[in-house]
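> The following comprises the amino acid sequence and a computationally predicted model.
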Amino acid sequence: MNFYPLAGKLIPIFWLAAIVLTAIGLYWGFFKTADAMDNGMKEYYRIIYVHVASAWMAMWLYAVMVAWAMIGLIFNTRLSFMMASATAITGTIMTIIALVTGAIWGKTSWGTWWDWDPKLTTFLILLFVYIGYIALQSAIDDTRRSDKASALLALVGLAIVPVIYYAVNCPDPNQCASLHQESSLKRVESNILIGMLVTTLGFWMYSFATILMRARNIILERERNTSWVSKLNEVN
Amino acid sequence: MMSAFWVLLKRDLLLALRRRSEIFTVLFFFLIVISLFPLGVGSEDATLKKIAPGVVWIAALLASTLALDRLFANDYLDGTLEQLTLAPQSLSVMVFAKMIAHWLLTGLPLVLIAPLVGLFYHLPSNTIGVMMLVLLLGTPVLSMIGAIAAALTLGLRGGGVLVSLLVLPLYIPVLVYGAGAISASMVEGLSIQPYLLLLSAFMLLALIFSPWATAAALKISLE
């Protein structure tokens, strides 16, 4: 059990990095960039720093979660399942942040809180998939079964989510022969990009910190009857 | 291997035919959902034609989710399922037989009742044909994806609601293209072939992966 003390040492470092990077990113975004974008968006576009960072993390954390689940199923390591379930919750939070900031931005720039645009719909479905994973895990009392069953569900999700993404982006196959959404990253001003990337790094560090904290809690909960846990300072 | 497949298929069909009411419960659930929409949304001709494709598919998704509970639950309770996992034949093949039996009992009736829905919603006859065809292609996918979730939630408290939470988001591609094909068939000059090809592709993918994933899920649940 070397993970537990190591994670305990790393958590403060990740927290520090998260706070510093997010602060720098947001400072840069708010004070060092233009007040309006070329396409007519005014100050409110600055929500982009939180919105894009959380959206990227939401998608990335799903991949991380599936990777841990896969490692767990292949090598049968308990820690991987714990990491997968810890990642799922941070991923869900990031998805919710992305959806809420997206709604606020939508209200200011499109005049509506919600639009059935492919990207929004994809994120809503991503949220449903995360929720399904967490619901299945918490419905099963036996930890061994709950770990493996939710890992299998994550794998099934990995196979079907791209199909859902395609279906949502191209509901009419007569119209789109190929799915190619042009990334708008290249058109973004480098100044704004810096703010976005630094904030994303900050969010990433935050995810590391919270995932490790949650994994430590899961370990304590599952190993509460072992002697090494009873010798820990924080338990006594 | 194949004899185990046929024996299991026959057994499941026979069991279901002894309890015919269960087949009709799903069928009438489908019909009731279908007939609630005109009461809630309004029954103008244009409205009915517009909502029909989505309504048919959403009713089919809900009916098929509702029926999933029956796929493994009884066999789990009386211990048959455990015996199946111990049998020398591949569990995937036997699970596949159960899926087909389940589709014949819950999916096929929906396909056959589709013309009635067409009459309810004033659909032209060629659209009714398309509707039956896409239901024929799409409902097996629902049964096969649903089987994975049914196996994962075997014997859990509140399993029914949990199953819908797990599978309904995964049914979205079938809903989008199934309903899309019916809508397209009502527009002059639109080809429905791409929709049919995509739905067939989903069915082939589900055929390959679902029995295997369901067998893995059953092994996890019965461990």
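Sure, I can see it. Bear in mind the structure is a predicted one, so any value in this text is a computation, not a measurement. Numbers count the residues shown, from 1 in each chain, chains lettered A, B, ... in the order given.
> What separation is there between the closest residue to chain A within chain B and residue B:180?
Across chain B, the shortest distance to chain A (Cβ to the nearest Cβ) belongs to residue B:194, at 3.5 Å. Any C-beta I mention is one placed from the backbone N, CA and C, and that applies to glycine too. Counting by Cβ to Cβ, to the nearest Å, the separation of residue B:194 from residue B:180 is 9 Å.
> any common contacting residues for those two?
Contact criterion Cβ atoms under 8 Å, 6 or more residues apart in numbering or on different chains; residues shared by residue B:194 and residue B:180: residue A:173.
> Contacts only, for the residue nearest the centre of chain A.
In chain A, the residue lying closest to the centroid (Cα atoms, centre = their mean) is residue A:58, at 2.6 Å. Residue A:58 makes contact with A:91, A:94, A:95, A:97, A:98, A:123, A:126, according to Cβ under 8 Å, 6+ apart.
> what's the helix or strand for the residue nearest to the second one when sequence neighbours are not counted?
Excluding the flanking residues, the one nearest residue A:94 by Cβ to Cβ, 6 or more residues apart in numbering or on different chains is residue A:58, at 4.0 Å. Element membership for residue A:58, per DSSP states H and E: helix A:48-75.
> Give the buried residues for that helix.
Neighbour counts over helix A:48-75 (16 or more other Cβ atoms under 10 Å in any protein chain shown) mark A:48-62, A:64-73 as buried.
> just to revisit the earlier point, and the contacts of residue A:58, which of them are in helices?
The helices, defined by DSSP state H, take in A:91, A:94, A:95, A:97, A:98, A:123, A:126 from the contacts of residue A:58.
> tally of neighbours for residue B:58?
For residue B:58, the count of nearby residues is 18 (other Cβ atoms under 10 Å in any protein chain shown).
> Not counting its neighbours along the chain, what's nearest it?
residue B:175 (7.1 Å).
> helices and strands around the helix or strand harbouring that neighbour, which ones?
In this assignment (DSSP H and E), residue B:175 forms part of helix B:172-185. Helices and strands touching helix B:172-185, as assessed by 3 or more Cβ pairs under 8 Å, 6 or more residues apart in numbering or on different chains; DSSP states H and E, comprise helix A:143-169, helix B:45-77, helix B:125-152, helix B:193-222.
> okay, the closest residue to chain B within chain A: pLDDT?
Proximity of chain A to chain B (Cβ to the nearest Cβ) peaks at residue A:173, 3.5 Å away. Residue-level confidence at residue A:173 comes out at 75, pLDDT.
> Could you pull up the residues touching residue 97?
Here I'm looking at chain A. Neighbour list for residue A:97: A:50, A:54, A:58 [criterion: Cβ under 8 Å, 6+ apart].
> look at chain B instead
The contact partners of residue B:97, taken as Cβ under 8 Å, 6+ apart, are B:4, B:5, B:6, B:8, B:9, B:12.
> and if we set it to 10 Å?
Counting by Cβ atoms under 10 Å, 6 or more residues apart in numbering or on different chains, residue B:97 touches B:2, B:4-13, B:84, B:211.
> Give me the residue ranges of chain A where confidence is low.
Along chain A, the parts satisfying pLDDT under 70 run over A:1, A:35-43, A:176-188, A:236.
> And for residue B:54, nearest residue in space, chain neighbours not counted?
Leaving aside its sequence neighbours, residue B:54 sits nearest to residue B:179 (Cβ to Cβ, 6+ apart; 4.9 Å).
> Go ahead and confirm the one you found touches residue B:56.
Yes - counting by Cβ atoms under 10 Å, residue B:179 touches residue B:56, with 7.4 Å between them.
> Now for the two: what residues contact both?
Common neighbours of residue B:179 and residue B:56 (criterion: Cβ under 10 Å, 6+ apart): B:131, B:134.
> quick one, which of the two is more surrounded?
When residue B:179 and residue B:56 are compared for neighbours, residue B:56 comes out ahead with 27 against 24, by other Cβ under 10 Å.
> With adjacent residues omitted, what lies nearest to the more buried one?
Using Cβ to Cβ, 6+ apart and skipping the chain neighbours, the partner closest in space to residue B:56 is residue B:117 (5.7 Å).
> now the helix or strand harbouring that neighbour, how far from the chain's geometric center?
Assigned by DSSP H and E, residue B:117 falls within helix B:108-120. From the chain centre to the centre of helix B:108-120 is a distance of 14 Å (Cα atoms, centre = their mean, to the nearest Å).
> Narrow the contacts of residue B:97 to those that are buried.
Here, 16+ other Cβ under 10 Å leaves B:4, B:5, B:8, B:9, B:12, B:13, B:84, B:211 buried among those.
> Could you identify the pair within those that is furthest apart?
B:13 and B:211 (18.0 Å; Cβ to Cβ).
> unless I'm mixing things up, residue A:71 is touching residue A:87, no?
No - between residue A:71 and residue A:87 there is no contact under Cβ under 10 Å: 12.0 Å.
> Looking at the contacts of residue A:58, which is nearest residue A:220?
residue A:91 (21.8 Å).
> ok, and the closest non-adjacent residue to that closest one?
residue A:61 (3.6 Å).
> ok now do the one you found, which residues does it touch?
Applying Cβ under 10 Å, 6+ apart, we find residue A:61 in contact with A:87-95, A:130, A:203-204, A:207, A:211.
> would you list those in a markdown table and tack on neighbour count?
Shown next, in a markdown table, are the contacts of residue A:61 (neighbours: other Cβ atoms under 10 Å in any protein chain shown):
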| residue | neighbour count |
| --- | --- |
| A:87 | 27 |
| A:88 | 26 |
| A:89 | 17 |
| A:90 | 23 |
| A:91 | 27 |
| A:92 | 20 |
| A:93 | 18 |
| A:94 | 25 |
| A:95 | 26 |
| A:130 | 25 |
| A:203 | 27 |
| A:204 | 20 |
| A:207 | 23 |
| A:211 | 27 |
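> farthest pair in these?
Checking those with Cβ to Cβ, the most distant pair is A:130 and A:204, at 17.8 Å.
> so where's chain B uncertain?
Within chain B, no stretch has pLDDT under 70.
> Now with 80, please.
Within chain B, the stretches with pLDDT under 80 are B:1, B:157-160, B:189.
> So what's the residue count around residue 126?
Reading this off chain A. 25.
> that answer is for a different chain, and I need it for chain B
11.
> Verify the contact between it and residue B:187 for me.
No - with contact defined as Cβ under 10 Å, residue B:126 does not reach residue B:187; the gap is 11.7 Å.
> residues contacting residue B:108?
So residue B:108 contacts B:23, B:135, B:136, B:139, B:140 (Cβ under 10 Å, 6+ apart).
> of all those, which two lie farthest apart?
Pairwise distances across these peak at 17.6 Å for B:23 and B:136 (criterion: Cβ to Cβ).
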